[in-house]
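[1] what follows is a protein structure lacking sequence information:
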């Protein structure tokens with residue numbers, strides 16, 4: 001599952017890079033003080049969010065209050081008039097509140113009532129990488145069929161969503177993270193396919209989604225055929241050697257050069 005992990009974490013890392021870029025911006029730094037409407041109109045547009053392939057963009061102050069947020073409808077791609085994240089705040093037990101205190105970055109999965117959100121946060125700095133931080137920029141991308149396809153493309157394999165949990169509770173078919181392998185992975189097999197399941201945890205450490213990769217077993221079948229052919233050749237050679245012992249001796253390279261010497265023309269220097 002190295003490839004699938006790579007595909008998933010590439011998405012999260014991309015969000016973190018973009019959040020860092022927006023966070024370390026002089027205009028963002030000023031906005032966290034004056035909350036000016038011009039910043040919102042000029043930068044937090046539908047087109048800007050589409051360009052970054054975002055479902056959610058939010059600015060969070062040091063007390064965890066969501067100062068401003070925008071959300072796109074995952075179906076129509078239009079800005080939601082009733083933004084579900086507006087005028088709220090981070091839950092008191094939300095793990096990323098720690099980033100408000102230490103000015104750090106984070107990425108991971110957040111279960112929401114609209115689905116699983118790939119998300120990242122970065123500190124809001126003065127545009128030169130200096131603080132003190134004035135809060136966090138949060139960028140999120142809802143899990144969708146298109147996103148699953150993008151993960152598969154990055155991983156160079158076919159990826160399927162088996163189960164996902166939203167903010168309302170656990171989903172069926174979500175296995176535990178504590179699998180025997182210790183990696184949240186399980187393996188199943190059919191006659192033609194090896195199926196590898198990978199469970200991903202949310203920011204709280206709870207299972208939030210399961211992805212599956214189907215690996216064709218053609219390599220296994222090819223290996224089985226190769227072994228069978230090799231066995232047939234070995235048996236055939238043994239039978240032939242028993243029928244012609246003198247020939248078997250000749251096949252071992254013993255000739256007029258005498259025992260203990262290489263056959264004529266068989267100089268082994270430099271090999």
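    Happy to help now that I have it. Because the structure is a prediction, the values reported are computed rather than measured.
[2] next, the buried residues of stretch 190-206.
    Neighbour-count burial for stretch 190-206, with 16 or more other Cβ atoms under 10 Å as criterion, is recorded at 196-200, 202-203. The way it works is simple: take the backbone N, C-alpha and C, and place the C-beta from them, glycine included.
[3] which ones are touching residue 5?
    By Cβ atoms under 8 Å, 6 or more residues apart in numbering, the residues touching residue 5 are residue 198.
[4] and it, how close does it get to residue 106?
    To residue 106, residue 5 is 18 Å away according to Cβ to Cβ, to the nearest Å.
[5] before we move on, back to that, pLDDT and secondary structure added to the buried residues of stretch 190-206, as a markdown table?
    Converted to a markdown table, the buried residues of stretch 190-206 look like this (pLDDT from 0 to 100; DSSP: H, G, I helix; E, B strand; the rest coil):
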| residue | pLDDT | secondary structure |
| --- | --- | --- |
| 196 | 84 | strand |
| 197 | 88 | strand |
| 198 | 89 | strand |
| 199 | 91 | strand |
| 200 | 92 | strand |
| 202 | 94 | coil |
| 203 | 94 | coil |
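[6] so residue 5 lies in a helix, does it not?
    Yes - assessed with DSSP: H, G, I helix; E, B strand; the rest coil, residue 5 lies in a helix.
[7] what pLDDT does residue 54 get?
    Model confidence at residue 54, given as pLDDT, is 93.
[8] count of neighbours near it?
    Each residue near residue 54 was counted by other Cβ atoms under 10 Å, and the total is 21.
[9] quick check: bridge partners of the residue lying closest to it once chain neighbours are set aside?
    Once flanking residues are discounted, residue 54 sits nearest to residue 139: 5.6 Å by Cβ to Cβ, 6 or more residues apart in numbering. Bridge pairing for residue 139 (DSSP bridges) gives the partners residue 57, residue 120.
[10] before we move on, the earlier item: dump the buried residues of stretch 190-206 into JSON lines; add distance to residue 156 as well.
    Shown next, in JSON lines, are these (distance: Cβ to Cβ, whole Å):
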{"residue": "196", "distance to residue 156": "15"}
{"residue": "197", "distance to residue 156": "19"}
{"residue": "198", "distance to residue 156": "16"}
{"residue": "199", "distance to residue 156": "21"}
{"residue": "200", "distance to residue 156": "19"}
{"residue": "202", "distance to residue 156": "26"}
{"residue": "203", "distance to residue 156": "28"}
